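1. I'd like to go over a predicted model; first the sequence, then the structure.
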Amino acid sequence: MILAGHANFQTPETPGVIQYLTKAREEFDDRWSKNPKSDVTLDDFDIKRTLGSGSFGRVVLAQYKHSKKDKFVAIKILDKDQIMKQKQVSHTVGEKKILSCCQFPFLVKQYFAFKDNSYLYIALEFVSGGELFTHLRNAKRFGESRTRFYGSQVVLAFEYLHFMNLIHRDLKPENLLIDHRGYVKLTDFGFCKRLDGRAWTLCGTPQYLAPEIILSKGYSKAVDWWTFGVLMFEMAAGYCPFHAKKHIKLYEKIVAGEVEFPEHFSPQLKDIVRCLLQVDVTRRYGALRNGTQDVKNHKFFASVDYIATYQRKMEPPFVPDSGGDEGDANNFDEQKEKSLDIASKCKYEEEFIDF
C-alpha cells in the first residue's frame, strides 16, 4: 500500500499522497475504458428480504450461490419503466459504470451488474450496520467526537472521488452506511457524475442543495463540500441547518446562507461548518486553492490520524449489533415484500444497451 508509510497523509503536497491518488486514477481510468459486462443473472442469488425501497425500485439482501463461503450482497433492483418515466437513464447507466470503477475503503463496493427484460440489477457489498440516518435518529444527535470520526471518512471519500473527477451530489445520512466494525461507506451514486467542466442539472436532496445549484449558475465539485457542511451540522445537531415547510422558503434560506448554531456546538465545530456553508464558492473550504487540505487541517479535525483512519485502525465510537451473522439484517427496518414482474419481451433494449 503506497499510502501506509506516510505519516502526513493529510498534506496533499506529500509525494506519497499524490502518488497514491495518481495511481488510483490510472486504475480508475483503465477500468472506465474497459466497462466490462457481467454474465450473472438473478438465478445466481437467493433473495432473503427487502432492505429498503425508493422511487425507482428497491434494495434486497441476497446470497450469492456460487461463492465458496457465504457471500451476502445488497442488490439494487431498478425498474426500467420508472427510470424511463423519470428520465433517469443516463444517471442509472452512469451509476453502474462509476461504481464498477471505484475502489476505496469508504465507498460501497460493486460486485456485479446485470439486467433482464424489466429490471436493472446492481449487486453491492452488504453493509450490515444499516443507515447512519437510523442511528442518528435513535441517538437524537451525535457527540462531536463521533461526528468527527464519520466526517473524517467522508473527507477521504470526497478526496478520492474528486481526484477521479467525480462529484457525488447526494450526500446525506440516508446515503451513509455503517459497517460491522463501525466505519462508514458512502452509497447511492445515482446522481454521481464524471465532471468535464461544469454541471447544470438540478438534482440532490432539497435540504442539502448548494446555493449555486438552486440559482442555476452552473456548479462544480464545490457542491459536495456544501453538502458535507450540512451533514456535519445535522450529525451534531440532529436536524438540518436549513428547513421550511415549502421548498421556495427553504431555498431562500439556503441562498441567504444564514445558520443558527445550537449552544452546545464548540467554537471549532461552528467554524468548520461556517467554512463549508459559504454561499460564495470562492470562500468555501474544499473548493479553495489548497483543496481538501483546508478541510483536513482545520482545527476541528486536528486530532484525526488520516493514515490510521484510512487503514481502519481507529477505535470506532460505536459498533452496531450485527447479530454475529454475516447476513443479519436486523439494523434495517422491516419492509413490505414484493414479487418481481418480469416481462416476456425485453423493454427499452437500446436505451439500456450500455448497462
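-> On my side now, so go ahead.
2. which residue ranges form the helices in the stretch 1-150 of the chain?
-> Applying DSSP state H, counting those that start in this stretch to the stretch 1-150 of the chain gives helices spanning 15-34, 80-85, 89-101, 132-139, 144-163.
3. Would you mind saying which of those lies nearest Ser303?
-> Closest to Ser303 of the helices of the stretch 1-150 of the chain, according to C-beta to C-beta: helix 144-163, at 7.4 Å. Backbone N, C-alpha and C define where each C-beta goes, glycine included.
4. before we move on, the earlier item: and the helices of the stretch 1-150 of the chain, which one is worst for confidence?
-> Sorting those by mean pLDDT places helix 15-34 lowest, at a mean of 90.
5. Report the residue spans of the chain with pLDDT below the cut-off.
-> Within the chain, the ranges that satisfy pLDDT under 70 run 1-15, 68, 323-324.
6. quick one: which of the helices of the stretch 1-150 of the chain is nearest Lys109?
-> helix 89-101 (8.0 Å).
7. Please identify the buried residues of the closest one?
-> Neighbour-count burial for helix 89-101, counted by 16 or more other C-beta atoms under 10 Å, picks out Val89, His91, Thr92, Val93, Gly94, Glu95, Lys96, Lys97, Ile98, Leu99, Ser100, Cys101.
8. Kindly report the same for stretch 326-342.
-> Neighbour counts over stretch 326-342 (16+ other C-beta under 10 Å) mark Gly327, Asp328, Ala329, Asn331, Phe332 as buried.
9. returning to what we had before: among the helices of the stretch 1-150 of the chain, which is nearest Ile342?
-> For the helices of the stretch 1-150 of the chain, the distance to Ile342 is smallest for helix 80-85, at 10.6 Å, taking C-beta to C-beta.
10. on contacts alone, who are the packing partners of that closest one?
-> Applying 3 or more C-beta pairs under 8 Å, 6 or more residues apart in numbering; DSSP states H and E, we find helix 80-85 packed against strand 119-125.
11. Report the inter-axis angle for the strand it packs on versus helix 89-101.
-> Here strand 119-125 points in a direction 30 degrees away from that of helix 89-101 (axes from the mean of the first three to the mean of the last three C-alpha atoms, to 10 degrees).
12. Would you mind listing the outside residues contacting strand 119-125?
-> Outside of strand 119-125, the residues within contact range by C-beta atoms under 8 Å, 6 or more residues apart in numbering are 40, 42, 45, 57, 62, 64, 73-80, 83, 92, 95-96, 99, 108-115, 185, 187, 340, 342, 352, 355.
13. ok, now stretch 249-268?
-> 144, 206-207, 209-211, 214-215, 233, 236-237, 241-244, 270, 273-274, 277-279, 298-300.
14. Among those residues, which ones are in helices?
-> Glu144, Pro211, Ile214, Phe233, Ala236, Ala237, Lys270, Val273, Arg274 (DSSP state H).
15. List only buried entries from those residues.
-> Judged by 16+ other C-beta under 10 Å, buried ones among the ones in helices among the contacts of stretch 249-268: Glu144, Pro211, Ile214, Phe233, Ala236, Ala237, Lys270, Val273.
16. so what's Cys101 up against?
-> Phe28, Arg31, Trp32, Met164.
17. can you pick the most crowded of those residues?
-> Phe28 (22 neighbours; other C-beta atoms under 10 Å).
18. Tell me the spacing between that one and Asn165.
-> 9 Å (C-beta to C-beta, to the nearest Å).
19. Count the neighbours of the residue lying closest to Leu231 once chain neighbours are set aside for me.
-> Closest residue to Leu231 apart from its sequence neighbours, by C-beta to C-beta, 6 or more residues apart in numbering: Leu171 at 5.7 Å. Counted with other C-beta under 10 Å, the neighbours of Leu171 add up to 26.
20. just Ala302 next, same as before
-> Residues near Ala302, counting by other C-beta under 10 Å, number 11.
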